[in-house]
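Undergrad: The sequence and its predicted three-dimensional model are supplied below.
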Amino acid sequence: MDYKHGGDIYTYKGMSDFSANINPFGPSQKVMDAVSASACQIGVYPDSRCKELRAALSRKEEVPGENLVFGNGAADLIFSLVFAEKPKKAVLTAPSFLEYAQALRAVGCEIIYHRLKEKEDFRLGEEYLETLNGDVDMIFLCSPDNPTGQEIEKGLLIKIIEKCQAHRIRLVLDECFYEFLEEQDHVLTPAEAMKTPWVFVLRAFTKMHAMPGLRLGYGICSDQALLERLAFVRQPWSVSIAAQEAGLAALEEVDRVKRTRSFVQAERSWMERRFQQMGVTIFPSAANYILLKSEYDLFGLLKAQNILIRDCSNYEGLDRGYYRVAVKTREENERLLKALEAIYRKEGAEEGGA
């Protein structure tokens, strides 16, 4: 099986990894301590109902616990949703997260792509509404999107929800990067999502809390019939004891989330200015990563300097020349920027002398 994502530190050992988009400060000490303490429980099965985590998240999000579902990362829930629904036709934006299409193809679903325009920075527009009709069973949207970092304007999102309600289309809204958004009032809240059973909000502890190795995602939905179908298609122990304990600890990290969000916003703006100064084409982002476009083979050239970035050529709607880089610590970001500056000086000089 080909590795299709960022974070492949097993192939590219010892590299500075800008290909995976997680909290630049890594997991908190509180989360690490919770995971360490959970080791004494490896001799028992996890709570398949995630009772404590469910109760804590229910309080935080102010939704009934029975409207929450937990999984082995967001990807686990994506596949579970598709197997529970078995849609015949789905609409995906391009570019967007790879797992949506992979899951849909696994059940033989026809995929219609709504191609986002580079000249509009890959931002979703009102014309998307025209794709939503009675023939469509399911749509996936991501805000902020991956790999573009674009958020969906709240007014447009409400219109999409209304149209999905009218045509009985399942909307899976991936908000796995929502905690990095500067304007949190742009996020579709759990209370808003609960107003219609056709909306399933997908979130994860992976990104903000830097827990990709533990795998912990969750969904919010008011459709009890769907939640029952999900329970039927999923295996019972998908969330480990360590992941549940880490999730409980992470929910207490409110101040850390705010500090990380503030840091990422400032650091991303600084990086974007530096990219533009050296001639790298960027697409403005609202998340903790930036999509780049270059005429040079940045993946190969940076790999030679022991820096790993995400080659985005395997995204539907993109081709060679698009790359995604994470926002990391200032020291790490400086290293990336200096390496890119050297590449652009060297490649530019060679072109000039050709």
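TA: Looks like it came in fine.
Undergrad: which residues make contact with whichever strand or helix holds Ala103 from outside it?
TA: Per DSSP states H and E, Ala103 falls inside helix 98-106. Identification of contacts with helix 98-106 by CB atoms under 8 Å, 6 or more residues apart in numbering yields 4-5, 75, 78-79, 81-83, 87, 90, 92, 111, 138, 140, 172, 314-316. For glycine as for every other residue, the C-beta is placed from the backbone atoms N, C-alpha and C.
Undergrad: Equivalent analysis for stretch 253-268, please.
TA: Residues contacting stretch 253-268 (CB under 8 Å, 6+ apart): 23-25, 28, 30-31, 179-182, 208-209, 285, 288, 290, 327, 330, 333.
Undergrad: what's the neighbour count on Leu141?
TA: A count of nearby residues for Leu141, using other CB atoms under 10 Å, gives 23.
Undergrad: would you say it is within a strand?
TA: Yes: with DSSP: H, G, I helix; E, B strand; the rest coil as the criterion, Leu141 is assigned to a strand.
Undergrad: hang on, the earlier thing: would you mind getting the angle between the helix or strand that comes right after the helix holding Ala103 and helix 98-106?
TA: For helix 98-106, the succeeding helix or strand toward the C-terminus, using DSSP H and E, is strand 110-115. Going by axes from the mean of the first three to the mean of the last three CA atoms, to 10 degrees, strand 110-115 is angled at 150 degrees with respect to helix 98-106.
Undergrad: Give me the pLDDT for Tyr12.
TA: pLDDT, Tyr12: 85.
Undergrad: cool, Trp198 as well?
TA: Among the per-residue scores, Trp198 shows a pLDDT of 97.
Undergrad: what about it, distance to Leu336?
TA: From Trp198 across to Leu336, the span is 42 Å (CB to CB, to the nearest Å).
Undergrad: Check Gln150 too.
TA: For Gln150, the distance to Leu336 (CB to CB) stands at 22 Å.
Undergrad: what's the first-to-last distance across stretch 34-44?
TA: 17 Å (CA to CA, to the nearest Å).
Undergrad: no wait, stretch 293-312
TA: Termini of stretch 293-312 sit 10 Å apart (CA to CA).
Undergrad: Many thanks, have a good one.
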